[in-house]
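> Model the following, please.
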Amino acid sequence: MRAIEDLIKPNVKALTAYAVEAVQCAIRLDANESPYGFALGAPRLTSNRYPDPEAAALRRALGAKWSVKPQCILHGNGSDELIYYLLTAIGGPVLIPTPTFSMYRIIAESLGEGHIGVPLDGQFDLDMDAMHRAIGKEAPKLIFLSRPNNPTGNSFMFEKVIEIIEKADGLVVVDEAYQPFSPAGESFIELLPRYKNLLLLRTLSKIGLAALRLGFLIGDEALIASINKVRLPYNVNALSQEAALAVLENETQVEACISAVVKERDKLFAQLSGLTGIEAYPSDANFILFKLNTAGGLTAEYLYRKLIEDGILIKKLGGNNGISNPLDNCFRVTVGTKEENAAFITSMKKIIGETCRNEKSEDTQTDIGDRRYHRDKP
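Numbers count the residues shown, from 1 in each chain. Predicted coordinates:
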């Protein structure tokens, strides 16, 4: 019998599994979850029956919410499963602006599909010259645009996305996972009838229902029907369907949680921007990207470790085996509750203050040593 490792596809062997941070901290601000959840209760469901394979009631409710026909919506276990279905049904090559959500690349690689990364510009927006060159040269069948983008938090310029949709010969998937936290009217959902090659990804995970793992693909009815052919049967369980319906019936409570996150995000951005050695980037999402000014003496690894000692976990970015990365010395912090954000800022101020004092102490010692050297010189 062949060795087990020889049975694994070469492209899968080359993969690195997606790693979820296992550090135990009282305050977790690393996964872009909502700090506010909902009591899901225990729906009265019979355990011996399969769930509705079409999630019809849930799709009807979301169709009414988003003003699209239920037939234009495909349901999945989070957006990840739907990205997998897209790549299974459509294939590659896939064009991905970078940095962005890593699962676009990981799923493409796991299915053996080619992918092209196009770096964003200096403001983390789309580099249109580079995008046009890549579209012309590679003829991608799928283009993924995360808007607002994860992990940078900004929204690509609306007009640039429209230009790509009109230029592309394949499908353009606008991932609107964080759209609920963006300014009103910034969704592309109203443009679906105009552009048959446009698809949207939505999720309920970021608004407080991450435990349910529910994502949705929205697009042209015929296109959704084709992608539905590769969907696994009974892919969304009955508990998730019923619990989501129960929460969505009370739109007011969902909107209140979103508004609370946006209010705390703006406050947290102002506080981060006021810290010595920190550059915070404006965000349309439920997290904030910030960068360390290494000239201040504070290193990314040291800050990460000291925050964990204080019981606070955030996402450390960059650091890709010594290869230059636009996210080197960057962190992504999820917007938490008022109390969690306050604890994070307090810890940041303490760590920065300690680093500054140590720097001044070292400078003083160096200065004393220099003066002693000059005084003692013969």
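> For this protein, just list every one of the helices.
Under the criterion DSSP state H, the chain carries helices at the ranges 10-13, 56-66, 78-90, 103-110, 128-138, 158-167, 221-228, 238-248, 251-273, 300-309, 338-376.
> Could you point out which of these sits nearest residue 331?
helix 300-309 (7.2 Å; CB to CB). Where you see a C-beta, it was placed from the backbone N, CA and C, and this is true even at glycine.
> can you list contacts of the closest one?
Helix 300-309 is contacted by residues 23, 25, 292, 313-314, 316, 318-319, 328-331, 344, 347-348, 351, 355 when judged by CB atoms under 8 Å, 6 or more residues apart in numbering.
> out of those residues, which are buried?
If you count burial by 16 or more other CB atoms under 10 Å, the buried members of the contacts of helix 300-309 come out as 25, 292, 313-314, 316, 318, 328-331, 344, 347-348, 351, 355.
> For residue 57, state which of those is nearest.
residue 313 (37.0 Å).
> rewinding a little: show me the two of the buried ones among the contacts of helix 300-309 that sit farthest apart.
Farthest-apart pair in these is 25 and 328; separation 23.3 Å (CB to CB).
> quick one, what contacts the spatially most central residue of the chain?
Among the residues of the chain, the smallest C-alpha distance to the mean C-alpha position (CA atoms, centre = their mean) belongs to residue 150, namely 3.6 Å. When contacts are counted by CB under 8 Å, 6+ apart, residue 150 touches 32, 100, 101, 177, 178, 285, 287.
> Show me what the last one is bridged to.
By that I understand residue 287. Taking DSSP bridges, one finds residue 334 as the beta-bridge partners of residue 287.
> export the helices of the chain to TSV and tack on distance to residue 197 and mean pLDDT?
Converted to TSV, the helices of the chain look like this (distance: least, CB to CB, whole Å; pLDDT from 0 to 100):
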stretch	distance to residue 197	mean pLDDT
helix 10-13	27	72
helix 56-66	19	96
helix 78-90	11	96
helix 103-110	17	95
helix 128-138	12	97
helix 158-167	7	96
helix 221-228	8	94
helix 238-248	29	93
helix 251-273	30	96
helix 300-309	40	95
helix 338-376	40	71
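> about what we covered before: which of the contacts of residue 150 has the most neighbours?
Sorting the contacts of residue 150 by how many neighbours each has (other CB atoms under 10 Å) puts residue 285 first, at 30 neighbours.
> Show me the contacts of residue 150 that map onto strands.
Using DSSP state E to define strands, the subset of the contacts of residue 150 located there is residue 287.
> Which of the contacts of residue 150 sits closest to residue 163?
For the contacts of residue 150, the residue nearest residue 163 by CB to CB is residue 100; the value is 18.1 Å.
> I'd like the distance between the closest one and residue 193.
As for residue 100, its distance to residue 193 is 27 Å (criterion: CB to CB, to the nearest Å).
> how is the protein carved up into domains?
Taking automatic domain parsing as the domain assignment, the record places the domains of the chain at 49-249, 253-376.
> since we're on the nearest residue to residue 335 once chain neighbours are set aside, how many residues are nearby?
Distance criterion CB to CB, 6 or more residues apart in numbering; nearest residue to residue 335, sequence neighbours excluded, is residue 265 at 4.5 Å. For residue 265, the neighbour count with other CB under 10 Å is 22.
> just checking, residue 265 touches residue 284?
No: using CB atoms under 8 Å, residue 265 is not in contact with residue 284; the gap is 9.1 Å.
> circling back to that earlier point, for residue 47, find the nearest of the helices of the chain.
With CB to CB as the criterion, residue 47 lies closest to helix 238-248 of the helices of the chain, at 9.0 Å.
> angle of the closest one against helix 56-66?
Angle of helix 238-248 versus helix 56-66, following axes from the mean of the first three to the mean of the last three CA atoms, to 10 degrees, is 30 degrees.
> next one: helix 238-248 to chain centre, how far?
23 Å (CA atoms, centre = their mean, to the nearest Å).
> still on that earlier bit, residue 10 is nearest to which of the domains of the chain?
Residue 10 sits nearest to domain 49-249 of all those, at 8.7 Å, using CB to CB.
> Any idea how far apart the tips of the closest one sit?
With CA to CA, to the nearest Å as the measure, domain 49-249 spans 24 Å from end to end.
> Repeat that for stretch 305-314.
Here the two ends of stretch 305-314 are set 10 Å apart, with distance taken as CA to CA.
> Buried residues, it. List them.
For stretch 305-314, the buried set under the neighbour-count rule, 16+ other CB under 10 Å, comprises 306, 307, 310, 312, 313, 314.
> The fifth one is in contact with residue 331, isn't it?
It stands for residue 313. No: applying CB under 8 Å as the test, residue 313 and residue 331 come out as separate, 10.7 Å apart.
> Many thanks, we can stop here.
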